[in-house]
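**Q** I'd like to go over a predicted model; first the sequence, then the structure.
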Amino acid sequence: MAKPRLPQVKTNMAVTLSSTPRADGFYMPAEWATHKQTWLVWPERTDNWRLGAKPAQQAFTAVIRAIARFEPVTVMASARQFANAQAQLCLEATTHPIRVIEVSTNDSWCRDTGPTFVTNGSEVRGIDWTFNAWGGLNGGLYFPWDLDDQVAQKVLNVEGIARYRTEGFVLEGGAIHTDGEGTLLTTAECLLNANRNPDLSKAQIEQQLSDYLGIDKVIWLEDGIFNDETDGHVDNMCCFVRPGEVLLAWTDDESDPQYARSKAALDVLENSTDAKGRKFIIHKLPVPGPLLAKAEEYASVDLTGAATPREAEARLAGSYINFYLCNGGLVLPTFDDPMDSVAVEILSKVFPQHQIVTVPGREILLGGGNVHCITQQQPA
Ligand code: KQY
């Protein structure tokens, strides 16, 4: 049966363009380019977040208030949680404003459900990728996901920003990193997964990345972090520091299943050049742990049948790569792990212009991601 289609609304919403960003002269800037603000979603779903999502709300509050030291933040909360989110977030004054608006969502991963912003240097537009909860009915993490698929459009409507919609082309923001100069990092584990765009070849996927993000060269790492439920998002594995320079999640322990993944990625990076022909400077960033979920931590996650149940003792996909760059700041998840201080030291050296602010990362990790996964930058 054909999917029923809603009439196209033509007024009171940001325009949806039928061209592509590249054809219009737009490209995705790097995360370190100046932001207008950061977007997040307030967590509340109790079949993903333990203890009624209260510890997650505390953890998100720490992230949001850390970002508000550097730039304005908009937080989307459901009608049920609007008053609580506003009260928790705005208890004390912050350097930059924290705005709470009511938006319905399925969960709280704005990196993946929010728009990917593109610019031509004077105007910003947004890409609204099709979202299928990291795999749809073939390994996706919850059902339904229709409200999450509308988040990008709602953000763009609120901002009055023109929208490109990739109807049918599935992509999450956590699956890509760009240097703003034509190079994109991703993983085959995610972007070539049969549960994303099974009818597209690798070349056709590269063409979409070129058309929508203005990319000239894709660096394909094979896999992401071991046991990452996003199917190996690159934003937990490898990121740019600046053009021609990357950070890679690393372990020296050859018996750790992470080792082969990191080593394979290192081999690819060592043997690649970027879109401008530069060889990469590669910094290894150790992974914490191994970190395992404790049975008592997942005992209070509701079993609703709508989300993938949690497995006690499962290896968590902990990684310091999942930090977030905001205007002059770097928000880094830490895990009460001996590697925390090593990560801070490495990041201080490679980002000397950024002030590092650490936030507790374990609670967000228990929900399946971390700081980068819950944030979305809107370029200035
Ligand atoms: O890490 C992310 N980008 C999203 C993780 C989703 C987890 C849902 N339980």
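**A** Yep, that arrived.
**Q** close to the ligand: what parts of this structure are there?
**A** 48, 109, 111-112, 141, 174, 229-230, 233, 367-369, 373 (C-beta under 6 Å from any ligand atom). C-beta coordinates here come from the backbone N, C-alpha and C atoms, glycine included.
**Q** strands along the stretch 201-350 of the chain, start to end?
**A** 217-221, 238-242, 245-250, 281-286, 324-326, 329-334 (DSSP state E, counting those that start in this stretch).
**Q** what's the answer for the stretch 1-150 of the chain, then?
**A** 16-17, 35-41, 73-77, 98-102, 116-119, 124-130.
**Q** mind putting the ones you listed into a markdown table with mean neighbour count?
**A** Putting the strands of the stretch 1-150 of the chain into a markdown table (neighbours: other C-beta atoms under 10 Å) gives the following:
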| stretch | mean neighbour count |
| --- | --- |
| strand 16-17 | 16 |
| strand 35-41 | 23 |
| strand 73-77 | 25 |
| strand 98-102 | 17 |
| strand 116-119 | 24 |
| strand 124-130 | 22 |
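**Q** mind putting these into JSON lines with mean pLDDT and distance to residue 315?
**A** Converted to JSON lines, the strands of the stretch 1-150 of the chain look like this (pLDDT from 0 to 100; distance: least, C-beta to C-beta, whole Å):
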{"stretch": "strand 16-17", "mean pLDDT": "96", "distance to residue 315": "41"}
{"stretch": "strand 35-41", "mean pLDDT": "98", "distance to residue 315": "26"}
{"stretch": "strand 73-77", "mean pLDDT": "98", "distance to residue 315": "30"}
{"stretch": "strand 98-102", "mean pLDDT": "97", "distance to residue 315": "34"}
{"stretch": "strand 116-119", "mean pLDDT": "98", "distance to residue 315": "29"}
{"stretch": "strand 124-130", "mean pLDDT": "98", "distance to residue 315": "28"}
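**Q** I'd like to know which of those lies nearest to residue 201.
**A** strand 124-130 (17.9 Å; C-beta to C-beta).
**Q** can you show me the helices along the stretch 251-380 of the chain?
**A** 257-270, 295-298, 339-350, 362-366 (DSSP state H, counting those that start in this stretch).
**Q** highest average neighbour count across these: which stretch is it?
**A** Of all those, helix 362-366 has the most neighbours on average by mean count of other C-beta atoms under 10 Å, namely a mean of 24.
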